[in-house]
Each structure stands twice: as C-alpha cells, then as structure tokens.
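A.B. asks: This is the structure alone, sequence omitted:
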C-alpha cells in the first residue's frame with residue numbers, strides 16, 4: 001500500500017534489531033484510505049470503528065487534528081506504515097472523568113498494523129511500543145503513561161504488563177468496559 005504524503009517526523013528512533021521508527025503526524029485526507037483499512041480489520045475490533053466508512057475515518061482524524069490536547073501519528077518502520085499512535089491529555093478526554101488524573105499523566109492509544117512477510121519479526125509490537133514510550137518520556141512534563149484498552153483485550157493487557165505497565169482498575173466508558181494501566185518513569189528506571 002502506498003505511504004501517504006508525509007508531514008515532518010515528530011520523533012525518530014533506531015530500535016536495535018528492528019529498524020528506524022518514525023512518528024509522523026497524521027494527515028487525515030492523505031491517510032484516510034490506509035487508516036480505514038486498518039481500523040475495519042477484525043483484529044482491530046476493539047478500536048471501535050469496524051463499521052466506519054473511509055469518509056467517517058477521515059472526519060474523525062480531522063477532528064483529532066484540530067484539538068490541541070489530542071494528537072495522532074503514523075508510525076513508520078523503515079518507511080513502511082506500521083502503526084497508528086495517538087496521544088492525549090487525560091483531563092481533556094472522557095477517560096479523565098473515570099479516574100483520578102495525576103499531574104504529568106499522559107494518555108496513549110495504539111493500533112498496530114498486521115505485519116506482513118518479512119515485517120513479522122518477533123517482538124514487533126514491543127519494539128514499536130519502546131519507541132512510543134521513549135517519545136512520550138522525551139518530554140520531562142510527562143511523568144506517567146496511561147492506557148485504557150478494552151478489558152476483554154487480553155493480548156493488549158499482557159503486552160502492557162510485559163513492558164512494565166501496572167494494571168489499574170476497570171472503568172465504565174460509554175462504548176466499553178476498559179482496564180486502566182499505568183507506566184511511570186520510575187518503572188523504566190528513568191529519573
């Protein structure tokens with residue numbers, strides 16, 4: 001699939017044995033086709049956009065693009081689109097009404113694309129997550145990463161625990177029962 005027209009990278013990191021990961025802000029019009037393909041796959045059902053049209057996906061990302069508190073990035077591995085990575089300020093998001101937001105909390109969502117052929121290396125998701133977390137913690141104001149995957153998404157929860165997240169409570173959101181998980185700088189040995 002063609003890589004959408006790219007904006008300048010917000011973060012670039014070489015991950016040993018994996019490749020160079022670049023985070024590029026999503027251009028909603030250019031990326032709509034690609035993102036629509038990802039969010040409507042069965043494996044992305046927890047993303048909640050399975051029945052969305054390409055047009056609806058573009059509109060959602062135009063809305064995200066307009067917010068100063070929420071950002072969407074296309075993660076590229078050696079130039080190939082590999083994931084959708086979103087960041088948000090929890091106190092400006094519905095999740096902020098579901099738990100006690102701490103100063104320095106920073107929320108993330110991620111949707112990893114299916115790796116095909118050569119791309120399907122062991123530790124693929126963990127390598128991407130490593131780069132995402134490095135990006136978040138490159139800002140000293142971010143003290144704790146917050147995720148809220150669907151409580152039924154056991155794979156995502158296991159993945160978070162594997163990279164150092166601590167599981168928090170389940171919360172009720174309008175669209176799902178989610179499970180909070182938190183990753184502090186301290187858990188990664190960062191001051």
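C.D. replies: Ah, there it is. No experiment lies behind these values; they were computed from the predicted model shown.
A.B. asks: From here on, just use CA atoms for contacts and neighbour counts.
C.D. replies: Will do.
A.B. asks: In three-state terms, label the spatially most central residue of the chain for me.
C.D. replies: The centroid of the chain falls nearest to residue 110 when counting by C-alpha atoms, centre = their mean (2.2 Å). Following DSSP: H, G, I helix; E, B strand; the rest coil, the label given to residue 110 is strand.
A.B. asks: before we move on, what about residue 99?
C.D. replies: coil.
A.B. asks: just to revisit the earlier point, relative to residue 186, how far out is the residue nearest to the centre of the chain?
C.D. replies: Distance, residue 110 to residue 186, by C-alpha to C-alpha, to the nearest Å: 22 Å.
A.B. asks: Same check on residue 24?
C.D. replies: For residue 24, the distance to residue 186 (C-alpha to C-alpha) stands at 27 Å.
A.B. asks: who has more neighbours, the two?
C.D. replies: residue 24 (21 against 10; other C-alpha atoms under 10 Å).
A.B. asks: List the contacts of stretch 130-146.
C.D. replies: 11, 13, 15, 21, 85, 103-108, 180-185 (C-alpha atoms under 8 Å, 6 or more residues apart in numbering).
A.B. asks: now the strands for this protein?
C.D. replies: 11-15, 19-25, 70-77, 80-88, 105-112, 144-147, 166-172, 177-184 (DSSP state E).
A.B. asks: In JSON lines: these, plus mean pLDDT and distance to residue 47.
C.D. replies: Shown next, in JSON lines, are those (pLDDT from 0 to 100; distance: least, C-alpha to C-alpha, whole Å):
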{"stretch": "strand 11-15", "mean pLDDT": "94", "distance to residue 47": "24"}
{"stretch": "strand 19-25", "mean pLDDT": "95", "distance to residue 47": "19"}
{"stretch": "strand 70-77", "mean pLDDT": "96", "distance to residue 47": "14"}
{"stretch": "strand 80-88", "mean pLDDT": "95", "distance to residue 47": "11"}
{"stretch": "strand 105-112", "mean pLDDT": "94", "distance to residue 47": "8"}
{"stretch": "strand 144-147", "mean pLDDT": "97", "distance to residue 47": "13"}
{"stretch": "strand 166-172", "mean pLDDT": "96", "distance to residue 47": "16"}
{"stretch": "strand 177-184", "mean pLDDT": "96", "distance to residue 47": "12"}
